[in-house]
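> Have a look at this prediction, sequence included:
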Amino acid sequence: MLQLYVCFKEMIRKYLVEDQRGVTAIEYGLIAAVIVVALTAAGGGLTQVSEALNDIFVFIAGELTPPGG
């Protein structure tokens, strides 16, 4: 029984300590959450920024000529 416990404990330790994929996923999730909170806190300023970017891209699209035209 002790041998089974030790084997199980080693498997858990190996999974939790050596496998960093879960930790990395959690870190990326936290970074995404912070970005969402920051963007939400910015509020109305984002609307102005997105409208300005849209105007820039519309201008660029209007200045481009189609191939062969």
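Yep, it's here.

> name the element the most centrally placed residue in the chain belongs to?
Note on the chain: the residue nearest the mean C-alpha position is residue 32, at 4.5 Å, using Cα atoms, centre = their mean. Assigned by DSSP states H and E, residue 32 belongs to helix 21-42.

> Next, the buried residues of stretch 55-69.
Judged by neighbour count using 16 or more other Cβ atoms under 10 Å, stretch 55-69 contains no buried positions. All C-beta spots, glycine's among them, are computed from the backbone N, C-alpha and C.

> i'd like the first residue to be 296 from this point on
Fine by me, first position is 296 from now on; the one you just mentioned is stretch 350-364.

> quick one: it to chain centroid distance?
Distance of stretch 350-364 from the chain centroid (Cα atoms, centre = their mean, to the nearest Å) equals 31 Å.

> Now it: average pLDDT?
The average of the pLDDT scores along stretch 350-364 is 85.

> For this protein, give me the ranges with low pLDDT.
Applying pLDDT under 70 to the chain flags residues 296, 310-317, 339, 364.

> For residue 326, grab the count of nearby residues.
10 (other Cβ atoms under 10 Å).
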